[in-house]
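[1] Based on what follows, work out the 3D shape:
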Amino acid sequence: MLLVQFQVSILAYNSMYLVDGVNLIRDKRLNTEYVCQLMLIENICIRYLMFMLQRQHIARLMDKCQRLWTRLKSNEVWSYARPFERRVYFYRNFSLVISYLVIVLFVAGSQLTHLAPDRINGTARRKLPYSYYYDVQEDPDFSIISGIQGLILCYMAIILAGIDTIAPFLIMLACGYSVTLKNRLLNMAHKDDKSTNVNNQLIYGDVIECAKFHREIMSYCQDIENHMRSFHMVIMICNVYNMSLIGIQILQNIEYFFQYSSLLAMHFMQLYLSQWAPDHLLHETKAIGNAAYFATLGHSIYNHQANKILQIMMLRAHCKPVQLTAGGYIKLSMETFGKMTTNAVSMFTVARSFIS
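    All right, here's what the predicted structure looks like:
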């Protein structure tokens, strides 16, 4: 039932803007404010459509993630995995707060803002929270439609928070599993047991278990890369473009400063998280190689086979750590985040010069 409500909200929200855009083009009144808002809407709609098309793949990813979770010990869950999970929950709640703040500011602004009369000596016209199929001024139609639009915006905030945290949730749990494996290897490196046949077999069994766990983590991360690269590409392209347009709207409509500033902050956080989580995963998977290196040193109870397995893990982690990409081309990292922010500023400067 909730899925149907989400789909109806997406369809209604998108259609209202598209119909209004057709009317603006027909009347030759198309402006940058409408283009900016339309890009924001299409960004959400495209990502939601991509999620719906790939939900079976995402469900399989969640199943694989759950299987990895079951391989953790109770102390490892609370020490290594839960902290990463809580970070994603914090961002989800933060995204909801920012989204609802944007809604409140835009709805309140629409109630306080009046449009110019459409004829001389006419009365000022009221403004709906966002575009609608036709102009509505009379009550009770105006109040009813305003309430419906506010409800649709609330659903859109929930949708946005959900699709924003799908990829970070999967990535941050992969970070938790990588940290768990790293600490298992470091704990093995700190053992000072004497060389006995029993200890030899125990250590070899631990190494085999770590190697299997590492292989499953790498397979899980590869699936994330295969199914999330398109999500990251859409986020990067749309957010950079939208941040530039929002900056122009802030300069052109200073009375909407707070509304568009909160919207700009939300896009900035989306772009930051899409780069920070993969960058964190890259460093954590590299750290597995360092832990495997220390685990191979100074222990006579390690037999040759165990050391060989650890060396293979070390080479795999150092030579080919998990590097997520956008579209298979752009590497996701904090360095890329800096470049994308610079590109947004450059695009803003160019667009502003064209408009002025």
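[2] Does L281 touch L332 like I think?
    No. The pair L281 / L332 is not scored as a contact, 9.0 Å apart, by Cβ atoms under 8 Å. Backbone N, C-alpha and C define where each C-beta goes, glycine included.
[3] At the geometric centre of the chain, which residue do we find?
    Centroid-nearest residue in the chain, with Cα atoms, centre = their mean: D164, separated by 3.8 Å.
[4] Look at the closest residue to I152 other than its chain neighbours and give its secondary structure.
    Leaving aside its chain neighbours, I152 sits nearest to S9 (4.8 Å; criterion: Cβ to Cβ, 6 or more residues apart in numbering). Of the three states, S9 takes helix under DSSP: H, G, I helix; E, B strand; the rest coil.
[5] just checking, S9 touches I159?
    Yes. Contact criterion Cβ under 8 Å: S9 and I159 qualify, at 7.2 Å.
[6] Pick out whichever of the two has more residues nearby.
    Neighbour count, other Cβ atoms under 10 Å: between S9 and I159, I159 has more, with 22 against 19.
[7] ok, so what distance separates that one from L185?
    Distance of I159 to L185, given as Cβ to Cβ, to the nearest Å: 41 Å.
[8] and if you look at L96?
    Counting by Cβ to Cβ - L96 and L185 are separated by 38 Å.
[9] And L53, by the same measure?
    Distance of L53 to L185, given as Cβ to Cβ: 39 Å.
[10] ok, now S274?
    30 Å.
[11] again with V240
    Distance, V240 to L185, by Cβ to Cβ: 39 Å.
[12] Compare the two (neighbour count), which wins?
    Per other Cβ under 10 Å, whichever of V240 and L185 has more neighbours is L185, with 26 against 21.
[13] In this structure the more buried one contacts A291, no?
    Yes. The pair L185 / A291 is scored as a contact, 3.7 Å apart, by Cβ under 8 Å.
[14] Break down the stretch 251-356 of the chain into its strands, ranges please.
    With strands called from DSSP state E, counting those that start in this stretch, the stretch 251-356 of the chain shows them at 325-326, 330-331.
[15] and the first one, which strands flank it?
    Pointing back at strand 325-326 there. Partners of strand 325-326 in the sheet, by DSSP bridges, are strand 330-331 (antiparallel).
[16] contact partners of the partner strand?
    With Cβ atoms under 8 Å, 6 or more residues apart in numbering as the contact definition, strand 330-331 has outside contacts at H232, M233, M236, Q323, L324, T325, T336.
[17] and the nearest residue to V102 once chain neighbours are set aside, how far is that from Y17?
    Distances taken as Cβ to Cβ, 6+ apart put S262 closest to V102, at 4.9 Å, once the chain neighbours are dropped. As defined by Cβ to Cβ, S262 lies at a distance of 20 Å from Y17.
[18] What are the boundaries of the helices in the stretch 151-300 of the chain?
    Taking DSSP state H, counting those that start in this stretch, the helices of the stretch 151-300 of the chain run over residues 166-189, 197-252, 257-295.
[19] ranking those by burial, who's on top?
    Ranked by mean neighbour count, the helices of the stretch 151-300 of the chain are led by helix 166-189 with a mean of 22 (mean count of other Cβ atoms under 10 Å).
[20] Kindly export that helix (C-alpha atoms) in PDB.
    Only the C-alpha atoms of helix 166-189 are listed here, as PDB (Å, rounded to 0.1, in the frame of the first residue of the first chain):
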ATOM      1  CA  ILE A 166      20.400   2.800  -0.300                       C
ATOM      2  CA  ALA A 167      23.900   2.900  -1.700                       C
ATOM      3  CA  PRO A 168      25.500   4.400   1.500                       C
ATOM      4  CA  PHE A 169      23.900   1.700   3.600                       C
ATOM      5  CA  LEU A 170      25.300  -1.100   1.600                       C
ATOM      6  CA  ILE A 171      28.700   0.500   1.300                       C
ATOM      7  CA  MET A 172      29.000   1.400   5.000                       C
ATOM      8  CA  LEU A 173      28.200  -2.200   6.000                       C
ATOM      9  CA  ALA A 174      30.900  -3.400   3.600                       C
ATOM     10  CA  CYS A 175      33.200  -1.100   5.600                       C
ATOM     11  CA  GLY A 176      32.100  -2.700   8.800                       C
ATOM     12  CA  TYR A 177      32.800  -6.200   7.500                       C
ATOM     13  CA  SER A 178      36.200  -5.000   6.200                       C
ATOM     14  CA  VAL A 179      37.100  -3.600   9.600                       C
ATOM     15  CA  THR A 180      36.000  -6.800  11.200                       C
ATOM     16  CA  LEU A 181      38.300  -8.900   9.000                       C
ATOM     17  CA  LYS A 182      41.100  -6.400   9.600                       C
ATOM     18  CA  ASN A 183      40.800  -6.800  13.400                       C
ATOM     19  CA  ARG A 184      40.600 -10.600  13.100                       C
ATOM     20  CA  LEU A 185      43.900 -10.500  11.300                       C
ATOM     21  CA  LEU A 186      45.500  -8.100  13.700                       C
ATOM     22  CA  ASN A 187      44.400 -10.300  16.700                       C
ATOM     23  CA  MET A 188      46.100 -13.200  15.000                       C
ATOM     24  CA  ALA A 189      49.200 -11.100  14.600                       C
END
